[in-house]
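Trainee: kindly generate the corresponding structure for this input.
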Amino acid sequence: MKIEQFYEKCLSQASYYIEDNGVAVIVDPLRDIQQYLDLAEKNQARISYIFETHFHADFISGHLELARKTGAEIVFGPGANTEFDSYSAKDGEIFKIGSASIELLHTPGHTLESVCLLLRDSDKKELALFTGDTLFLGDVGRPDLAQSADKQISSQDLAGKLYDSLREKILPIPGETIIYPGHGAGSACGKNMSKETSGTLAAQKTDNYALNTQLSREEFINLLCEGLDNPPAYFPENVKINGSGYPNLDHLMDTGLRAMNPAAFLERSRSMGTLILDTRMPSAYAAGHISGAINIGLNGNFAPWAGELLPLSQREIIFLAEPGKEADVVRRLARVGFHQVSGYLEGGIDEWINQGHEVCLIKEVDGDQLPAYVAEKNIGLIDVRKPSEYELGHVKDAVLLPLDQVYQSAERIDKEKVHLVYCAGGYRSMMFISILRSLGIFNLINVRGGFAAIPKDDAAAVSQ
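Mentor: Purely as a prediction, here's the structure:
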């Protein structure tokens, strides 16, 4: 028996390879499927099933591409309807994997079709439970992300279903069973997930509030539904794509990796509906960037922020990247549903400058300089972190304008006034500034190092 976890940090998402006696299955595959194919080939195994624990909202799954390459059957839970060939399994249905087996457990709550997969060995002993977004380590899946055709189903209704699923399907399983969740800390699919990516059910029965048997149904619903941030804007579209289908990743890589010299890049950028995405880190972007380019650094939570801040309906995207990172950009954008990437700037910003094209600069100040700037007359302060971060501590007099609400916030900013913008470390604040600059708001200064670099012992600077 082999179990391999593939963990994608950018998405805080886990997929799984399970194999026994030459038969393999994949659970919740990423769109770039070569890693699964390589492992199966190495082990001389045949991939027979592709299990989807639910219709994912935070990424485009690789189920279709993997099925095309392997002939494996795509399996969803009860009630899942797709526009491609797939199998909607029954609750309790058994799937053989060599001498082992997987029992599909219908666990509605996060979504209506959500399932968990219980792996047993040849002696029918429970080994592992692949929980998708039903149960995380330290938390459970949010009940407000489902895109149901039945608009009468509320978050409270789904939370109630999840309460029943946990108690009827999960709690009776032996405590020594290993839990393999769909996400870890950082995912928007839960609130308080652990950094760990596997653990025992016994530990969750002790530590996870959602499995507390003393918790009433009403108390559970209230706990689960309070304090939820707005779901990322791209989630509904990703659910649709995962159920309807999508273009092959190989094709997207071919079109997205077209190299353009500066002249061709400039001409393309002037086309109506074309967006320039600069994927370098904030400091590089501040030191020189193309006018109108939006900055989302590749080395951070690139794909989720791209999905949140860039419209999936954008007609065309062209981009800049650090040399050698171009394929990574196209691949990671495809993971969250961007299929309209049409090329990149060959030679990057250096070649752009060498060919005589102008660049724009953004002023930055170090965090320890902020108190002096605050003392200056007519300087505004903008905090772009989450409300929960702001409440734990913020610069005195700073206005909270969360990054995920940047477009709505634009009209609240005085264009004639200079503003200092900060986040936790400088990554989100530069995204915020780049978007506002694309909207014609320029008097913005980035606080390098963000809130973490601001002296906390300066009572005049920090309010907690």
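
Trainee: let me see the ranges of the strands in the stretch 301-450 of the chain.
Mentor: 316-320, 341-345, 364-366, 379-383, 394-395, 399-400, 418-422, 444-448 (DSSP state E, counting those that start in this stretch).

Trainee: avg pLDDT for the second one?
Mentor: Looking at strand 341-345 alone, the average pLDDT works out to 98.

Trainee: and for it, what are the contacting residues?
Mentor: Strand 341-345 has contacts (Cβ atoms under 8 Å, 6 or more residues apart in numbering) with 252, 255-260, 262, 265, 268, 316-321, 326, 329-330, 333-334, 351-352. All C-beta atoms are positioned from the backbone trio N, CA, C, and that covers glycine.

Trainee: which among those residues end up buried?
Mentor: When those are checked for burial by 16 or more other Cβ atoms under 10 Å, the buried set is 252, 256-257, 260, 262, 265, 268, 316-321, 326, 329-330, 333-334, 352.

Trainee: take those and keep only those in helices.
Mentor: If you go by DSSP state H, the buried ones among the contacts of strand 341-345 have 252, 256, 262, 265, 268, 326, 329-330, 333-334, 352 in helices.

Trainee: about what we covered before: compare the strands of the stretch 301-450 of the chain and give me the one nearest residue 22.
Mentor: Closest to residue 22 of the strands of the stretch 301-450 of the chain is strand 341-345 (Cβ to Cβ; 38.3 Å).

Trainee: alpha carbons of stretch 36-56, as CSV, please.
Mentor: Taking Å, rounded to 0.1, in the frame of the first residue of the first chain, the C-alpha atoms of stretch 36-56 are listed here in CSV:
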residue,chain,number,x,y,z
TYR,A,36,0.8,11.7,-10.9
LEU,A,37,1.6,10.2,-14.3
ASP,A,38,5.3,10.1,-13.4
LEU,A,39,4.7,8.3,-10.1
ALA,A,40,2.4,5.8,-11.6
GLU,A,41,4.9,5.0,-14.4
LYS,A,42,7.7,4.7,-11.8
ASN,A,43,5.7,2.2,-9.8
GLN,A,44,4.4,0.5,-12.9
ALA,A,45,0.9,1.1,-11.8
ARG,A,46,-2.4,1.8,-13.7
ILE,A,47,-4.5,4.8,-12.6
SER,A,48,-8.1,3.5,-12.5
TYR,A,49,-10.1,6.1,-10.7
ILE,A,50,-10.0,9.9,-10.2
PHE,A,51,-12.0,10.8,-7.1
GLU,A,52,-13.3,14.4,-6.6
THR,A,53,-14.4,15.1,-3.0
HIS,A,54,-16.6,17.9,-4.3
PHE,A,55,-16.7,20.7,-6.9
HIS,A,56,-13.7,22.8,-6.0
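
Trainee: now do the buried residues in that stretch.
Mentor: Under 16+ other Cβ under 10 Å, the buried positions of stretch 36-56 are 36, 39-40, 45, 47-56.

Trainee: may I ask which two of those residues are separated the most?
Mentor: Pairwise over those, using Cβ to Cβ, the maximum falls at 45 and 55, 27.1 Å.

Trainee: check what pLDDT the closest residue to residue 234 other than its chain neighbours gets.
Mentor: Distances taken as Cβ to Cβ, 6 or more residues apart in numbering put residue 307 closest to residue 234, at 3.5 Å, once the chain neighbours are dropped. At residue 307, the model reports a pLDDT of 95.

Trainee: quick one: neighbours of residue 307, just the number.
Mentor: 26 (other Cβ atoms under 10 Å).

Trainee: so it touches residue 236, yeah?
Mentor: No: assessed by Cβ atoms under 8 Å, residue 307 is found out of contact with residue 236, at 11.0 Å.

Trainee: what is the neighbour count of residue 31?
Mentor: Using other Cβ under 10 Å: residue 31 sits among 22 other residues.

Trainee: what sits against it?
Mentor: Contacts of residue 31 (Cβ under 8 Å, 6+ apart): 59-62, 65, 249, 331, 334-335.

Trainee: nearest residue to it other than its sequence neighbours?
Mentor: residue 62 (4.4 Å).

Trainee: phi, psi of residue 165?
Mentor: Main-chain torsions, residue 165, degrees, to the nearest 10: phi -60, psi -40.

Trainee: any idea how far residue 221 is from it?
Mentor: 13 Å (Cβ to Cβ, to the nearest Å).

Trainee: between these two, which has more neighbouring residues?
Mentor: Applying other Cβ under 10 Å to residue 165 and residue 221 shows that residue 165 carries more neighbours, namely 23 against 20.

Trainee: pretty sure that one contacts residue 109?
Mentor: Yes: applying Cβ under 8 Å as the test, residue 165 and residue 109 come out as touching, 4.9 Å apart.
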